[in-house]
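Engineer: sequence first, then the predicted structure:
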Amino acid sequence: MTSPTYHTLDHHVGNTPLIRLRYLSELTGCEILGKAEFMNPGGSVKDRAALGIITSAEKQGLLKPGDTIVEGSAGNTGIGLTVIGHARGYKSVVIIPETQAPEKIALLRTLGADVRTVPAKPYSDPENYNHIARRLAEEKGWFWANQFDNTANRLAHYHSTGPEIWRQTKGSVNAFVAAIGTGGTLAGTSMYLKEQSDKVAAICADPYGAAMWSWFTHGHTDIDDGDSFAEGIGQGRVTQNIEGLHVDRAYRVDDQTALSIVYQLLREEGLFLGLSSGINIGAAVRYAQEIGHSHTIVTILCDSGHKYQSKLFNSEWLQANQLDPDLSVDVVLG
Ligand code: PMP
């Protein structure tokens, strides 16, 4: 017998299960499948980007043990960079808008990141969290991960998420659905799947208040259609990770629809998810309703509901924000 091989944490990103969403599959007559990215070591889809960005920087000689990685993050990329960074010998500094869930900020601190909360500002403002991270890197000589425009992010999905889905569905996937934060997940995964079969559709799920639905539907980002509580998604510009991506269809999903989906999965299927997963699944169902039964539609279960206990799973917060956890999916998706 050959001796077994064991690997450190950074080798255990990806290879996540593909979970059948039973009720929504029955409702639509399609297979609606969710890639369980919340099962990654740092608890989200962003571990793949973090690993890809770190590995690419190492190959270019931009990182050596003991170095510091700085990033502007809504939380999950910072968590991924911190846990994978620790496994590889790096320190992390995370610039996070103070509007993000307190659970993510507390978790980042516990994990050992140097966390700096800043007021939420648009990208056009020099005080936007990404610009602060870039300037800090320049001043201190730190490595800036630059998840939005560093295409090592989408390449990580091209080399992992895409092949995993192709293998797990035995090539039967008809559509891949994802919301956009940086666009790395949607672009990298759908680019790989489309290379395997040009029949695979790339579908963008967008919350209100973002510009991606408008960009893929009308070709401009000049839109002001509301707001969303979904964290980690909601992009207003065409990042380098989105550049060149062909999207076949885009859907806007409102927060109530996403919330009803999150609660149905929690109460009836044992899945505890954040709101961006609900937005993704909402768009997967809309596409299924449009394309008809017998299609295999894959989407991303981005992170767990644990990170949003004080908001999405807190009745006072829900009431104050006019969201109803008891409104059924049949009503919102009807
Ligand atoms: N959902 C959550 C909860 C996230 O944190 C992110 C990343 N910011 C996404 C979805 C979107 O992923 P991507 O950056 O690959 O577009």
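Structural biologist: Good, I have the coordinates. Keep in mind the model is a prediction, meaning the values are calculated, not measured.
Engineer: near the ligand, which residues of the stretch 51-200 of the chain show up?
Structural biologist: 74, 76, 179-185 (C-beta under 6 Å from any ligand atom). (Glycine included, C-beta is placed from N, CA and C.)
Engineer: same thing but at 5 Å, please
Structural biologist: 76, 180-185 (C-beta under 5 Å from any ligand atom).
Engineer: between those, which has the most around it?
Structural biologist: Using other C-beta atoms under 10 Å as the neighbour criterion, G184 leads those with 33 neighbours.
Engineer: which ones are touching the residue lying closest to that residue once chain neighbours are set aside?
Structural biologist: In this structure, G184 finds its nearest non-sequential neighbour in N153, 3.6 Å apart by C-beta to C-beta, 6 or more residues apart in numbering. By C-beta atoms under 8 Å, 6 or more residues apart in numbering, the contact list for N153 reads 49, 52-53, 147, 182, 184, 188, 241.
Engineer: how does it look with 10 Å?
Structural biologist: 46, 48-50, 52-53, 56, 77, 145-147, 181-185, 187-188, 239-241 (C-beta atoms under 10 Å, 6 or more residues apart in numbering).
Engineer: enumerate the positions of the helix or strand where it lies that are buried.
Structural biologist: Secondary structure from DSSP states H and E places N153 in helix 152-159. Of the residues in helix 152-159, 152-158 count as buried by neighbour count, 16 or more other C-beta atoms under 10 Å.
Engineer: what do you get for stretch 127-138?
Structural biologist: 128-134, 136-137.
Engineer: what of stretch 312-324?
Structural biologist: For stretch 312-324, by 16+ other C-beta under 10 Å, it's 312-313, 318, 323.
Engineer: next, the distance between the ends of that stretch.
Structural biologist: End-to-end span of stretch 312-324 (C-alpha to C-alpha, to the nearest Å): 10 Å.
Engineer: name the element S25 belongs to?
Structural biologist: S25 belongs to helix 22-28, assigned by DSSP H and E.
Engineer: give me the contact list for that helix.
Structural biologist: 21, 30-34, 261, 264-265, 268-269, 281-282, 284-289, 291-297, 329-330, 333-334.
Engineer: pull out the buried residues from these.
Structural biologist: 21, 30-34, 261, 264-265, 281-282, 284-288, 291, 295-297, 329, 333.
Engineer: so which of those sit within helices?
Structural biologist: Applying DSSP state H to the buried ones among the contacts of helix 22-28, the entries found in helices are 261, 264-265, 281-282, 284-288, 291, 329, 333.
Engineer: reformat the residues you listed as CSV; add pLDDT and distance to A250.
Structural biologist: Formatted as CSV, those follow (pLDDT from 0 to 100; distance: C-beta to C-beta, whole Å):
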residue, pLDDT, distance to A250
I261, 98, 18
Q264, 98, 23
L265, 98, 23
I281, 99, 15
G282, 98, 12
A284, 98, 13
V285, 98, 14
R286, 98, 10
Y287, 98, 10
A288, 98, 15
I291, 98, 14
V329, 97, 21
L333, 94, 18
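Engineer: looking at the residues you listed, spot the one nearest the ligand.
Structural biologist: Nearest to the ligand among those is I281, at 12.0 Å by C-beta to the nearest ligand atom.
Engineer: from memory the closest one sits against G34, does it?
Structural biologist: Yes - under the criterion of C-beta atoms under 10 Å, I281 makes contact with G34 at 6.8 Å.
Engineer: which residues are in contact with each of these two?
Structural biologist: With C-beta under 10 Å, 6+ apart as the test, I281 and G34 both reach 21, 24, 177, 265, 271, 273, 297, 299-301.
Engineer: now flag whichever of these is closest to Y208.
Structural biologist: V177 (17.2 Å; C-beta to C-beta).
Engineer: surely the closest one is within a strand?
Structural biologist: Yes - under DSSP: H, G, I helix; E, B strand; the rest coil, V177 falls within a strand.
Engineer: ok, how many other residues are close to it?
Structural biologist: V177 has 30 nearby residues by other C-beta under 10 Å.
Engineer: I'd guessed it sits against I165; true?
Structural biologist: No - in this structure, V177 is not within contact of I165 by C-beta under 10 Å, at 11.2 Å.
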